[in-house]
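A.B. asks: I'd like to go over a predicted model; first the sequence, then the structure.
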Amino acid sequence: MNRTALAVVADLMFGSKIKGAADAVGIRAFFARTEDVLMAEAKNADVILLDLGTRWLTPAMITGLKENSTAQVIAFASHTDAETIKAAQAAGADKVLARSAFVIQLPEILRAVAKAQANAAK
């Protein structure tokens, strides 16, 4: 079974970075464009990547994801948006990063998901 990175991004160009990084390690990238799709697909995800700059994404959705999915939730935002970062942490995100840190850590995050798949296959 292939691992899945479920992502919500406000910027389509940023989405292409996630897709490229996922493809590089053999993980399927799936992009949710609505709350309904996000919540429905969360059950199938191995990691959930959330751009906190997405207008429709709320802290309550992060809480809902944590309650209904076993996937790690990693959120990212502008380093200047301290209020949004704190709200995501309070809502239960496993990790909240500045966008620049997320870009740097993305390959390692996805490699860890791929490694978990390889270990599960043994």
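C.D. replies: Perfect, I can see it now.

A.B. asks: Asn68: what's it in contact with?
C.D. replies: Counting by Cβ atoms under 8 Å, 6 or more residues apart in numbering, Asn68 touches 39, 42-43. Quick note: C-beta positions are derived from backbone N, CA and C, even for glycine.

A.B. asks: Could you rerun that using 10 Å?
C.D. replies: Residues near Asn68 by Cβ atoms under 10 Å, 6 or more residues apart in numbering: 39-40, 42-43.

A.B. asks: Show me how to select, in ChimeraX, the buried members of the residues you listed.
C.D. replies: Buried members of the contacts of Asn68, defined by 16 or more other Cβ atoms under 10 Å, are picked up in ChimeraX with:
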select :42
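
A.B. asks: So in the chain, which helix runs the longest?
C.D. replies: Criterion DSSP state H: the longest helix present in the chain is helix 99-121.

A.B. asks: State the distance from Lys43 to Ala10.
C.D. replies: For Lys43, the distance to Ala10 (Cβ to Cβ, to the nearest Å) stands at 23 Å.

A.B. asks: same question, Val73
C.D. replies: Val73 sits 17 Å away from Ala10, going by Cβ to Cβ.

A.B. asks: neighbour count winner among the two?
C.D. replies: Val73 (24 against 13; other Cβ atoms under 10 Å).
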